[in-house]
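1. from the sequence below, what's the structure:
(2 chains)
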Amino acid sequence: MNKDSGILNSYKSRDFFDEFFDKDEKPRKEVRPFIERLQELPIQELMNRQRAAEAAFLNSGITFTVQDGKKGIDRIFPFDIIPRIIERREWAFLERGLKQRIRALNEFLRDIYDSQKILKDRIIPREIVLSGKHFLKECVGLYPPQGIWCHVTGTDLVRHKDGTYYVLEDNLRCPSGVSYVLENRTVVKKAFPVFFRNYAIEPVENYPEELVTTLRYIAPNSCPNPTVVVLTPGIYNSAYFEHSFLAQRMGVQLVEGRDLTVQDGFVYMKTTRGLQRVDVIYRRIDDIYLDPRVFNKDSMLGVPGLMEVYRSGRVSLANAPGTGIADDKVIYKFVPEMIRYYLSEEPLLANVPTYLCYYEKEMEYVLQNLQKLVIKPANEAGGYGMLIGPASTAAERKKFAALIRKTPRNYLAQPTLSLSRVPTLIGRHCEGRHVDLRPYILYGREIYVMPGGLTRVALKRGSLVVNSSQGGGSKDTWILRREGIS
Amino acid sequence: MLSRVADSIYWMQRYRERAENIARLIDVNLFLSIDAPGEDDQQWPPILMTTRGHELYQKLYGKPTQAGVLEFLTFDERNPDSIINCVHRSRENARSSRDTITSEMWHELNLLYLFMQRTAAQPRKRIKSLFEFYSHIRRSCQLFTGIKDTTMSHNEAWHFGRIGNLLERADQSSRILDVKYFILLPSVDHVGTPYDDILWAALLKSVSGLETYRKIYHEIHHAHVVDFIISNREFPRSIHSCLWRARQSFGVLEPEFSSGGKAPAGHPVRRVQDLCVELETLTVYDIVKRGVHEFLDQIQCRIAEISNSIYDTYFAPLPGQEAPRDEVVAENPSGGVEPS
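-> Numbering: from 1, shown residues only, chains lettered A, B, ... in the order given. The predicted structure follows:
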């Protein structure tokens, strides 16, 4: 393998776990054919393909809108043409681990809104669960169709220095990004067509089909041919593209709250032919906006009376309202215990060691080690409200210490992980950039894990924050179907 | 289908058609201006009248000049009916019906939008050929129409879009004719001169009708032009043809009203039927006798009434769920209330 010429000739994996090269800077076996192909490409050619991909995103309107004064400007989500590659056996392990985790989390939700055995058996402190911001007392006693709560999950995984995968977050509410997985695949296929044909890569294109099957499966009992809709906050939502994309690919109607109405105990949509009944709602709005009669009174996005219909079993919601309690970052700490408790199995996927400020001892440890740890609020998404200890100032640490003392329940701390890296096209050459991985998991008749998922990449040098709101981009993720190239 | 989406598709098509018509008008006028006799820029005020922008133009720019009118009609975002605004609104409506239209339609409309945004951001002198530029807009609109007809199922949504398209076109054709007839004819300087023929020919050209007209009538005569643009049922941009095909689409949407049953008074189907019957029975001499301007004015009012009744019948939100008034206006500012 010639690393002296070509695009990766000056590439260094350095002190990180690199997905392409081992610690001796040798190409990993499963990635080698791709590296060889990449090395044959003139850098200009790779840059051209990158640009063509970006133009394709812009022209197809795979964009979000940012406000610049009075004008809305369309931006694409940053994208890198070099894929992340995962070997077959490694993926098989992740898939097993994810299925196990989702099963346990669903059991937890079923239990916590029913008999609360896990609290009675003192596996998780009662107070922690009941004080959770996303624990909905309105859902206690509910049994959603087929007993499924978390129909769509986007689990965040990271890979530490030693190559171990850790679960960073279980996103059980409205995880977004799956449309980018499908669109990334489309542009990357066009960028490396010959290579794609020879390098057996698991297809991801089946996701909308799997999703609509899942949604139909959870329809209220009396529905042989249910009407499924996707509920969006509207065209100004940053994930609107994804909502319309999924509706279009599933062949179902995309609706806004104002299209829906509750009458005679059912949910209907207003059509040109009058009212039409809706049976399953894949809702992409948060719990608190669902129904202004029950939750946020000022919500313009929701449907008055929806929760009542849901409670009476005449409409199904995915994900079920109330799932948010299971992706509370404090509850996260207990997922390995849930797996042991509900499934009598040992957890396959590692949890990041987590210190809960709720426990006095752990809080003391956290306060003494602020500089070493990442401090997270229990219920923020998008990487907001965090303190990254090693990169923090004394003033920031002081501020966080005060916040923690004020509401210990809302804070937790974890050691800083060193995210693995993948070569990424930066200007006219490739540099290592940190990545995470968000596979999408569907829970219907069976549990389906989309092969691959969204690889998010922190495009800023040295940055560990992969969120698109903070300078993150994405890459295509290849799961190899067999070893080597045919 | 969802009422909101039907509304969006209807307006997506109206605005797209409006953008195309403005581009056509400008294109023909630009060509005409190359060797037009008389004062410079004198053929631009009628265009402002046609597009209903003359008052706003006066306020913003003062005296009509070619450069001013082109800027105003093409890029000026203060002009609600500038091409850039029409394309933008058409795309916004497409965006909110993105799951219903096909990806290929969306892609083409988005390309036009990006083209307009890109060009608007550049200095105008970077536009190498104005003819190229306006024909690019026109072709992109035509391409969109072709993609729509060949990729989208000819279902309810398609028919609502088609009705929007045809009503807009009928309205535009009536305005083009009205302005020419009303504005230019009374200043009888050119009547009967070769230049007069050139202007009538330009009018026909701006609706892509000159070649067809020649095949039927051979010679230019203003009564024939009026007859052609109002009553010809075969020419796709004539008022009658547009309304006749809109009526066909209504026939698909409301089969019970087309097979013998009569739509109730005030129903859009009834309004379209009535207008078509009138256009079938009136001769050009009746129209001229009544006054061409008065007649066209009435046509425009009735098209607006049809549009309003479509909204009331099919698109109106549920009682108690109406969007705040200004929001509706922001989305489709000329929706329903067409100034006459």
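
2. run through the helices of the stretch 301-450 of chain A in chain order.
-> Secondary structure of the stretch 301-450 of chain A by DSSP state H, counting those that start in this stretch: the helices cover A:306-311, A:335-338, A:360-368, A:394-406.

3. so which of these gets nearest B:S129?
-> Of all those, it is helix A:306-311 that lies closest to B:S129, at 56.0 Å by CB to CB. (C-beta placed from N, C-alpha, C; glycine too.)

4. return the set of buried residues in the closest one.
-> If you call a residue buried by 16 or more other CB atoms under 10 Å in any protein chain shown, then helix A:306-311 has these buried ones: A:306-307, A:309-310.

5. stretch A:287-296 now?
-> Applying 16+ other CB under 10 Å to stretch A:287-296 flags A:287-292, A:294-295 as buried.

6. widest-spaced pair of those?
-> Checking these with CB to CB, the most distant pair is A:D287 and A:P292, at 12.4 Å.

7. show me the domain layout of chain A.
-> Chain A is divided into the following domains under automatic domain parsing: A:221-314, A:353-415.

8. what's around B:E55, how many residues?
-> 10 (other CB atoms under 10 Å in any protein chain shown).

9. and what of A:K133?
-> 14.

10. ok, now which ones touch it?
-> A:324, A:328, A:378-379 (CB atoms under 8 Å, 6 or more residues apart in numbering or on different chains).

11. rerun that using 10 Å as the cut-off
-> Going by CB atoms under 10 Å, 6 or more residues apart in numbering or on different chains, A:K133 touches A:288, A:324-325, A:328, A:377-379, A:409-410.

12. export those residues to JSON lines and tack on distance to A:A395?
-> Formatted as JSON lines, the contacts of A:K133 follow (distance: CB to CB, whole Å):
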{"residue": "A:I288", "distance to A:A395": "33"}
{"residue": "A:G324", "distance to A:A395": "32"}
{"residue": "A:I325", "distance to A:A395": "34"}
{"residue": "A:D328", "distance to A:A395": "28"}
{"residue": "A:P377", "distance to A:A395": "18"}
{"residue": "A:A378", "distance to A:A395": "23"}
{"residue": "A:N379", "distance to A:A395": "24"}
{"residue": "A:R409", "distance to A:A395": "24"}
{"residue": "A:N410", "distance to A:A395": "21"}
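
13. point out the least confident one among those.
-> Among the contacts of A:K133, A:N379 carries the weakest pLDDT, at 75.

14. what's the helix or strand for the nearest residue to it once chain neighbours are set aside?
-> In space, not counting the residues next to it along the chain, A:N379 is nearest to A:K133; the distance is 4.7 Å by CB to CB, 6 or more residues apart in numbering or on different chains. Assigned by DSSP states H and E, A:K133 belongs to no helix or strand.

15. the bottom helix or strand of chain B by mean pLDDT?
-> Here the helix or strand of chain B ranked lowest by mean pLDDT, DSSP states H and E is helix B:325-331, holding a mean of 34.

16. what pairs with A:L442 across the strands?
-> Beta-bridge pairing of A:L442, defined through DSSP bridges, involves A:V152, A:Y448.

17. tell me the spacing between it and chain B.
-> 20 Å (CB to the nearest CB, to the nearest Å).

18. repeat that for A:V352.
-> 38 Å.

19. hmm, A:S418 and that residue touching each other?
-> No: look at A:V352 against A:S418 with CB atoms under 10 Å: they stay out of range, at 12.0 Å.

20. for A:Y282, give its distance to chain B.
-> In this view, A:Y282 and chain B are 12 Å apart by CB to the nearest CB.

21. kindly report the same for A:E346.
-> 44 Å.

22. list the contacts of that residue.
-> Contacts of A:E346 (CB under 10 Å, 6+ apart): A:100, A:336, A:339-340.

23. put together a markdown table for those, with neighbour count on each row.
-> Converted to a markdown table, those look like this (neighbours: other CB atoms under 10 Å in any protein chain shown):
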| residue | neighbour count |
| --- | --- |
| A:Q100 | 18 |
| A:P336 | 17 |
| A:I339 | 24 |
| A:R340 | 13 |
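
24. any idea which of those residues is closest to chain B?
-> Nearest to chain B among the contacts of A:E346 is A:Q100, at 34.7 Å by CB to the nearest CB.

25. that closest one and A:S344 touch, don't they?
-> No: A:Q100 is beyond contact range of A:S344, at 11.3 Å (criterion: CB under 10 Å).

26. for residue 303, which non-adjacent residue is spatially closest?
-> Went with chain A since none was named. A:L260 (4.5 Å).

27. my question was about chain B
-> Looking at B:I303 with CB to CB, 6+ apart, the closest residue is B:D171, at 4.9 Å.

28. helix, strand or coil: sort out that neighbour for me.
-> helix (DSSP: H, G, I helix; E, B strand; the rest coil).

29. show me what contacts it?
-> Counted by CB under 10 Å, 6+ apart, B:D171 has contacts B:14, B:17-18, B:21, B:239, B:242, B:296, B:299-300, B:303-304, B:306-307, B:338.

30. how much space separates the residue of the stretch 151-300 of chain B found nearest chain A from B:E256?
-> Nearest residue of the stretch 151-300 of chain B to chain A (CB to the nearest CB) works out as B:E156 at 6.6 Å. Using CB to CB, to the nearest Å, we find B:E156 at a distance of 15 Å from B:E256.

31. swap in A:T186?
-> For A:T186, the distance to B:E256 - CB to CB - is 44 Å.

32. repeat that for B:A157.
-> For B:A157 relative to B:E256 (CB to CB), the value is 20 Å.

33. more neighbours: which of the two?
-> B:A157 (21 against 10).

34. now the more buried one: how far from B:A6?
-> From B:A157 to B:A6 the distance is 7 Å (CB to CB).

35. overlap in contacts, the two.
-> Joint contacts of B:A157 and B:A6 (CB under 10 Å, 6+ apart) are A:272, B:97, B:100.
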